[in-house]
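Asks: attaching a predicted model along with its sequence, questions to come.
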Protein chains: 2
Amino acid sequence: MTSAQPATPKGRETRERIIRAAGELVRERGVAGASLDDVRARAHVSKSQLYHYFADRDDLMRAVARAASEDVVGGQAELFERLDTIDGLRAWADALVALQQTLDAKGGCPIGSLAGQLAEQDEGARLELADGLDRWEAAIRHGLERMAARGELHPLAEPGVLAQNVLAAVQGGLLLTQVRRDPDQLRSALNGAIDAIPRASGVQLG
Amino acid sequence: MTSAQPATPKGRETRERIIRAAGELVRERGVAGASLDDVRARAHVSKSQLYHYFADRDDLMRAVARAASEDVVGGQAELFERLDTIDGLRAWADALVALQQTLDAKGGCPIGSLAGQLAEQDEGARLELADGLDRWEAAIRHGLERMAARGELHPLAEPGVLAQNVLAAVQGGLLLTQVRRDPDQLRSALNGAIDAIPRASGVQLG
DNA sequence: CAAGAAATGGACCATGTAGTCCAGCACGCT
DNA sequence: AGCGTGCTGGACTACATGGTCCATTTCTTG
């Protein structure tokens, strides 16, 4: 028997509780450190419930990856709306840095962190994470495109490339933040990427 | 009994063979997927040898992290010497991108990949990886400082900050490369960070 | 060459873990 | 009320894995 989609509100809530518990444990102890028994206990659920809603452990981890993508991207929804000005970009960056400060620079980006653990192990999980990154990058690109439409960007600037680089700065900055336990690493990376936007010409300098 | 430093050349070679085998397996299957028995088999070594040279599994993984740091930083030694011109920086970037192409965009950065798996699990491993990143960043910074000394940088540019941002671009670009299986992600991120160098003024734009 | 130290082989143990199985419960529907 | 589907509890198994132990072989060195 493969996994089952919940057919009742109660079932759906149980399934979500499992994913939430698994996600917490994965963030605390890593993918390998989160045993199904730990998940079972934290979600207040029995073994059979785990296997009622998920085909196996990998299936659960894929669901965790998808949920992480949605949490990360969804959690920035309001900030995403103001990404069409440099000030809005800076406000968004400040929020990311502030979050890292409250987390003591631990954990990194949920998507990036899972990527390192799952990308080479489970193709399905990799695709979930790629999807999260795509949506994140799209939100940034949309903001830059609105700026371009208002003529606030260099005519040759490519919003797609700039958005990609900003996302890379986020991920790289978070990795440095995590390894060095210093949120300024993210701040600096984001400053650099955002500063580059108004100067970007789309053509490589000589 | 804790781990032992090898006292003979033979012992040292055995220890290194273990670390190399463990490193390969970790790259192929992740930290969690590399069992001591796998390592034992690949290194052509007995169980007692593992525990002769390493206190426990975590100790071995710390050694793997240290070796990865040294491989990554050491493997770029020649390129590091030419990091004092924009052309040298581009050549270095091209080499990193080319490497990803030959690897089919799999694996990401050994340091970054291990960071995601070990940073929150083992403080010792985290410090090893931080050390690798520090040396990497220092190499970039030294190149930029030589440029600054020749007056080729904006007088207010800060080589330390720029080097940090380039390293963030490497790590972020590699993460995107890995998740999206597309080496152009790294290329774009590095182009952006390197293009920013000659324009950097050290003060944030308004 | 003898003695001690380093290195090695591999059996063995304890345990944590993914996954199975089936009986029992809850609840909507007729 | 009673029936059926979805949901739940938890015992149980098979096995991989980390770690221990000790006997044996191989080096080194005086």
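Replies: Happy to help now that I have it. Numbers count the residues shown, from 1 in each chain, chains lettered A, B, ... in the order given.

Asks: quick one, phi/psi of A:Pro6?
Replies: Dihedral angles of A:Pro6 (phi, psi; degrees, to the nearest 10) stand at phi -60, psi 140.

Asks: do you know the pLDDT at it?
Replies: Confidence at A:Pro6, expressed as pLDDT, is 88.

Asks: distance of it relative to DNA strand D?
Replies: When distance is defined by CB to the nearest atom of the strand, to the nearest Å, A:Pro6 is 4 Å away from DNA strand D. Quick note: C-beta positions are derived from backbone N, CA and C, even for glycine.

Asks: go ahead and confirm that residue touches A:Ile19.
Replies: No. At 11.4 Å, A:Pro6 does not count as touching A:Ile19 under the criterion of CB atoms under 8 Å.

Asks: among these two, which residue is more densely surrounded?
Replies: Legend: neighbour count by other CB atoms under 10 Å in any protein chain shown for A:Pro6 and A:Ile19, higher for A:Ile19 (20 against 14).

Asks: what helix or strand is that one on?
Replies: If you go by DSSP states H and E, A:Ile19 is part of helix A:9-33.

Asks: which positions within that helix qualify as buried?
Replies: By 16 or more other CB atoms under 10 Å in any protein chain shown, the buried positions in helix A:9-33 come out as A:14-15, A:17-27, A:30-31.

Asks: tell me the mean pLDDT over stretch A:112-127?
Replies: 96.

Asks: same question but for stretch A:183-200, I mixed them up
Replies: For stretch A:183-200, the mean pLDDT works out to 96.

Asks: contacts for the helix holding A:Ile19, please.
Replies: The contact list for helix A:9-33, computed with CB atoms under 8 Å, 6 or more residues apart in numbering or on different chains, reads A:6, A:34, A:38-39, A:42-45, A:49-50, A:53-54, A:60-61, A:63-64, A:67-68, A:71, A:107, A:110, A:113-114, A:117-118, B:30-32, B:117, B:120-121.

Asks: roughly how far is whichever helix or strand comes after that helix from the heart of the chain?
Replies: Using DSSP H and E, the helix or strand that follows helix A:9-33 in sequence is helix A:36-42. Chain-centre distance of helix A:36-42: 24 Å, with CA atoms, centre = their mean, to the nearest Å.

Asks: which strands and helices lie in contact with helix A:36-42?
Replies: helix A:9-33, helix A:47-53, helix A:57-74 (3 or more CB pairs under 8 Å, 6 or more residues apart in numbering or on different chains; DSSP states H and E).

Asks: that one near DNA strand D at all?
Replies: No. Judged by CB under 7 Å from any atom of the strand, helix A:36-42 makes no contact with DNA strand D; its nearest approach is 8.5 Å.

Asks: excluding its backbone neighbours, what's nearest the residue nearest in space to the middle of chain A?
Replies: Taking CA atoms, centre = their mean, the centroid of chain A lies closest to A:Ile111, which sits 3.9 Å from it. Computed as CB to CB, 6 or more residues apart in numbering or on different chains, the closest residue to A:Ile111 that is not its neighbour in sequence is A:Gly132, at 5.0 Å.

Asks: tell me the contacts of that neighbour?
Replies: Counting by CB under 8 Å, 6+ apart, A:Gly132 touches A:65-66, A:68-70, A:72-73, A:111.

Asks: now with 6 Å?
Replies: A:Gly132 sits next to A:69, A:73, A:111 when contact means CB atoms under 6 Å, 6 or more residues apart in numbering or on different chains.
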